[in-house]
Structure formats: structure tokens, C-alpha cells
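# Fold the following for me, if possible:
(5 chains)
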Amino acid sequence: MIKRAIALFLVLFFGYVFTTLLLNWHPWTELIGVARYYVSHELTELGATNLVTAIVVTYRGLDTLGEVTVLFLAATGVSVLLRRTTITLPSPGPKRQSSEILHTATRLLTPFIVMFGAYIFINGHLTPGGGFQGGAVIASAVLLLFLTNPHQALNHRILKTIESLSGATYVLVGILGLFLAGGFLDNRILPLGEPGRILSAGAIPIIYTCIGLKVGTELANILENLRGPATSPVLEENEGRAQ
Amino acid sequence: MAEFIIHLATFIVLFGVILASVRFIKGPTAADRTVALDVLTIISTALIVLIALFVNRVIYLDVALVYAILSFIGVIAVARFIEGGL
Amino acid sequence: MAIRELLGSIIALIGSLFLFLGALGIVRMPDLYNRMQTGTKSTTLGTILTLLGIGIYRLEWLPQMLILIAFILATNPVSSHTLARAAHFTGIPLTRKTVADKLAEEEHRPIPVEEEEEVV
Amino acid sequence: MILIIAIGIALMLIGFWGALIRKNMIRIVLSIGIAETGLQLLMIGVGYLKGRTAPILDSAVPFSQALQRVVDPVPQALVLTAIVIGVAVNALMLTFIIRLYEKKKTLTISDYRDLKW
Amino acid sequence: MIAWFIGVLGIAMIVGALAAVHLKQTVPAIIAAGIVSLFASVLYLLLAAPDVAMTEAAIGAGLSTVIFLYAVYKTRSGESEK
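Purely as a prediction, here's the structure:
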């Protein structure tokens, strides 16, 4: 009970602090500071029509590189920690097979979802979306496969290859920016082109494609590790017949 | 006139959000709550399209597409968990 | 063009009414399966009509609306089917007014029915 | 948008309260996630300017009018990365919880007293 | 119009968050957190942030819920909190 009282006191204290901050806050009416510079110079400097993409990929590119690194470390941590988990945890029994309708819908929808994810990160400099969203959509397609068939296996070699290649390409494009343009992760190593076209904004589509593939494979990796290793397909077929 | 009817439709949809939330609070089992989640996701798709209409930006429809494609995965996940196949 | 906009907005209004009735149905219906059917059929039709109405109201948005409708038609029934199957396997009871349960008959199980009459 | 910021603060406080009073570790992670959502909502609310539209230039918002018509894009970029990091960190926390559960077969946080002094 | 949206969705979000914190069982609480993230996504769209709304829709709708459900599935017998 005393713990609950302390918790209540802390929450009320923070509520008081935040309320005073809120009451003394005046909303901005104009863009100020760095945002003003970004909005007024972005299109002529970088050529991407989506300002958020321009900030994420170029102006704050180092942030994004660090974020991808954090994501990679989290995925690695999950896979290292869960490596031998099935030995000690008791097996919860056979998993129920999913229905025919769900199988058919998955077969129908998975290509569309992957294609849509690719559309999102390739068009990241024109429309809302980008590498992170597209990666999450691709990971959702993998998740749909897992949900439909609990014993679905993934090809680890292909996943690892895609992840390493995209990460290496990302850093390589960044280093190329040092030599060919203004600095690390500068997108002007390629011609800017006409704003609004798909082949515009320099290297932003390439960088966002790399980020999308890397985020997608890493999230799929996390999901697969959390689900546990796939059992052999022979066993699964027998289970299906037994039911 | 047409604009007024669209506004009226939006208010009706918002009232639907409140009703579905009521079932979510009341629902005795996890399956009932998942039904409420299902209804709320599809209502949200309609709401997003209505918002896109109000602010008059066609690019917002991409978000509605993501919703229409992905929102059912959450419901399927909970359902497969309930039947023991996750 | 005013007629087209009026037509689109009225279709959207009918769709929103279906969405509202679907939400009302999941509050008022007696058991889970009835709630599920009102929450699926009615809201699917409601969303389709709303999107179609907006597509007619704003004619240049019609292609996107048709894509959205196609995806909703593909995804929403699947999720409801999976949920209904899961609820049936976990033995959530049917209301007393149920007359047929084909899935239980096929698996030679007794029909799970609520014990006492619920006052609705 | 003061209403949005109030909602964000309320969500943060609810999540904080839940993280303090819950004993189940999965529920604590869930509460932290809700507080995270509140914080992200607050940041987006701070960047919103009344009556303006999304920072994406197309035929509706030409570049010449952009300075008067778009909201602040910087908080959006920050929140975008924060959400993705959030889900990865949640996955890592839950992995730790699964490993702890293997060791002691309990999810209650007050049963783990090994490092308490 | 926008104020009505924010009012209804905000109240629904706060109710969902309270449910996520105060429900006894874990799985309904996870569903409640999913609802909070659902409405957060619509609110981001209202606040003129379609990128953030898309991220929240892609991650909050499926991935986040499933990660929690996997954790609950792996720690099944430990769900007996008061």
C-alpha cells in the first residue's frame, strides 16, 4: 500500500509539473530556427518533395545511421539471448493448424504486401513513407506467413546477405558523399533531377531502399527469434493428418 | 448541401467509434474485445479517408492503404493466440 | 456537377449509417458470434459504401478508392473468420436461441450453449 | 494544439502510473510503451501549427508557399525514428523477460532480489 | 470539425490506456494497447504528420502486438498476477 501511495505522489507531482509547463506554453505561429531553413531551402538544395524524408536521410543522416545501428544491435541481442531457449522451456504442445481460408488469403496477399512495401520505400522522397515504414510493411508480410503456418522456415543465408549488403551499401554511399559532394551522407553524388519524378533527389531513393531492406530483414529476424526455431516440415505434415 | 451531408456522415462514424469502445470496455472475454478492435480498425480506415477529404490532400490516402492492408494482421495474431496456434 | 457531389455524399451517408449500425450491433447483440457477424458484414458494406461515395464526390480519387475497396474486401472477412474459428475452438458459448452449429456437428461435439437464459 | 498536448501528458502519466504499480514485468513493458506513445503525441503536438498542412510538396502546396503553409517537419523526423527504435527496444526487453522467466519461472518483479541491497 | 475528432479520439485513447494499465489479464491489456496505438495513428494524421501516422500504423497495428503476444505465449504459466 505504501508503494501505491508513493507512486500516486510521484504521478501527481509530475502531473503538476507538466500542467504548469502546459499553462505557460504559447503555441508557435511561425516556423522558427532550423525548421525555417529546412523548409525554405530544401527543394533547391536536395530536390526531395517530402521534407521529412529529406531531414531523416540527409540533414540528420548521421542520426539515422545511428538508429539503424541501434536496431541492428537490438536484433543481435534478441537472437543471442534466445539462442538456446527451447532447451529449457517446456514445449507447450502441438500448435493448432490454421484454416484453409487463411492459407489462401496469405498466398493471395503476401506478394501484394511485399510489393506495397517496396512501393513505399522507393517512393519515399515523393509521398509519405520511406525506409522505416516500408521495412515494417515487409516485416508484416513475414509475420503473416508466421501466423498462418507456425512452422514456416526462413532462409537465413538470404536474409543475412540482404541485411549485410544493404548496410554496406548505405555506408558506402555515405562515404562516396565525402569525396564526390559536400560531406558524409550527402545525396548530391547523383544529379538532383526534376522534383516530383521518381528518379530525382540524388541518392535519397538508394539510401532509403537500403534502409528499407535492412529494417525489414532485421524486424523479420527479431520476429523469427521470438517465435522460436521452425520444426521439421515432416512432423508438421503428420500433425496435420492426425487432426 | 453535399458538404453538410459529408459532415453529418463523419459525426455518425465518430459516434460509432464511441459505441465500439463501449463494447471494448464491457467485453467479458478477450474474443469480444478483439471483435471491438476489428470494428475499430475498419472504422479508422473510413475516418482516415474522411480526414483526407477534409484537408484536401490526396497523399493521405497512402496511409489509408497501409491501414487497409495491415490492420487485419493484429486481429489475426490475437485470434491465432486465442486458438493456440501462435 | 452538383448532382454528382450530392449523389456521392448521400452514398457516403448511407455507408456511415451502416458503420454506425455495425458498431451498435456489437454492443447490443446477445453473444459473440452474433456480434461478430454484425461487426463484419455491416462494417464491410459500410466502409465500401463510404469510400465509394467519397470516390464519386471527388471523382479524381476514384482509382485509389477502388484499390482500397479491393483490399478491404480481401482482408476484413479473413480476420473475422479466423477470430470466429478461434472463439469456437475455445468453447465460447452460443446464445440459447441458436438452432444449428455445423462445425460442432462435423466434429461430433455437443453444441456449446449458454446455461441460463440471459435477459437482453 | 493544447488539447493534443494535454492528451499526450495524460497518456504519459497513465503509462508512468502503470509502470510503477504493476508487478507483472510484461505489463510494465506495456505501460512503458503507452508512456512512449504519449511522449510521441506530445512532440507532434508541439510541432503542429494551426491551420497548416503536411510538409510534403505537391500541386496542393507549391514550393513558393511552403513557408506559410506547412507544419514543422523536424519533430516528425525525430518521432519517426523514435517509433522504430521503440519497437526494437520493446522486443529486447521482452527477450530479457523470457530469459528471466526461464531461470526462476516467475514474472513478478519483486521475486527478483538478487541485485537488491 | 477537427476539435470533435480530437475530442472523441482522445477520450477513446485515454480510456484505452486506462484499460491497458488496469485490466487484470494480460492479453486484453495488450489489445487495449493496440487500440491506443490505432487512435494515435489517426491523431497523427489529423496533426498533419502522414509519415508518422504510417509508421505507427505499420508497427503499432501488427508488429508490436505480436511481439507482446509471443512473450506471453513463452511465459504462459506466469500469468497469475493477483
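
# Can the strand or helix carrying residue B:13 be said to contact chain D?
With secondary structure defined by DSSP states H and E, residue B:13 is part of helix B:2-26. No - among the residues of helix B:2-26, none lie within reach of chain D under Cβ under 8 Å from any Cβ of the partner chain; the closest is 15.1 Å away. (Each C-beta comes from the backbone N, C-alpha and C, glycine too.)

# Any regions of chain D where pLDDT drops low?
Chain D contains residues with pLDDT under 70 at D:117.

# Could I get the full set of helices for it?
Remark: helices of chain D, listed N- to C-terminal, are D:2-21, D:25-47, D:66-69, D:73-104; assignment by DSSP state H.

# helices and strands around the helix holding residue B:13, which ones?
helix B:30-55, helix C:2-28, helix C:43-57, helix E:2-22, helix E:26-46 (3 or more Cβ pairs under 8 Å, 6 or more residues apart in numbering or on different chains; DSSP states H and E).

# Quick check: which of those helices is nearest to chain A?
Taking Cβ to the nearest Cβ as the measure, these were each checked against chain A, and helix E:26-46 came out nearest at 9.5 Å.

# do the helix or strand following the closest one and chain C meet?
Using DSSP H and E, the helix or strand that follows helix E:26-46 in sequence is helix E:50-58. No - where contact is defined by Cβ under 8 Å from any Cβ, no part of helix E:50-58 touches chain C; the two come within 13.4 Å at best.

# roughly how far out does helix E:50-58 sit from the chain middle?
When distances are taken as Cα atoms, centre = their mean, to the nearest Å, helix E:50-58 is centred 14 Å away from the chain's centroid.

# Give the next helix or strand downstream of that helix.
Secondary structure here is assigned by DSSP H and E; on that basis, the next helix or strand after helix E:50-58 toward the C-terminus is helix E:64-74.

# Does anything pack onto that next one? Which helices or strands?
Packing partners of helix E:64-74 (3+ Cβ pairs under 8 Å, 6+ apart): helix A:204-227, helix B:61-83, helix D:25-47, helix D:73-104, helix E:26-46.

# try 10 Å
Packing contacts for helix E:64-74, counted by 3 or more Cβ pairs under 10 Å, 6 or more residues apart in numbering or on different chains; DSSP states H and E, involve helix A:131-148, helix A:204-227, helix B:61-83, helix D:25-47, helix D:73-104, helix E:26-46.

# Now do it and helix D:25-47, the angle between them.
If you take axes from the mean of the first three to the mean of the last three Cα atoms, to 10 degrees, helix E:64-74 sits at 170 degrees to helix D:25-47.

# Helix E:64-74 versus helix B:30-55: what angle between them?
Put simply, helix E:64-74 runs at 170 degrees to helix B:30-55, going by the same axes, to 10 degrees.

# coming back round to it: in CSV, list the helices of chain D along with distance to chain A and mean neighbour count.
Rendered in CSV, the data for those read as follows (distance: least, Cβ to the nearest Cβ, whole Å; neighbours: other Cβ atoms under 10 Å in any protein chain shown):
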stretch, distance to chain A, mean neighbour count
helix D:2-21, 4, 21
helix D:25-47, 8, 24
helix D:66-69, 5, 15
helix D:73-104, 4, 21
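
# do you know which of these lies nearest chain B?
When those are ranked by proximity to chain B (Cβ to the nearest Cβ), helix D:66-69 comes first, at 11.2 Å.

# who in chain B is up against chain A?
Counting by Cβ under 10 Å from any Cβ of the partner chain, chain B comes close to chain A at B:57-63, B:65-66, B:69-70, B:72-74, B:76-77, B:79-81, B:83-86.
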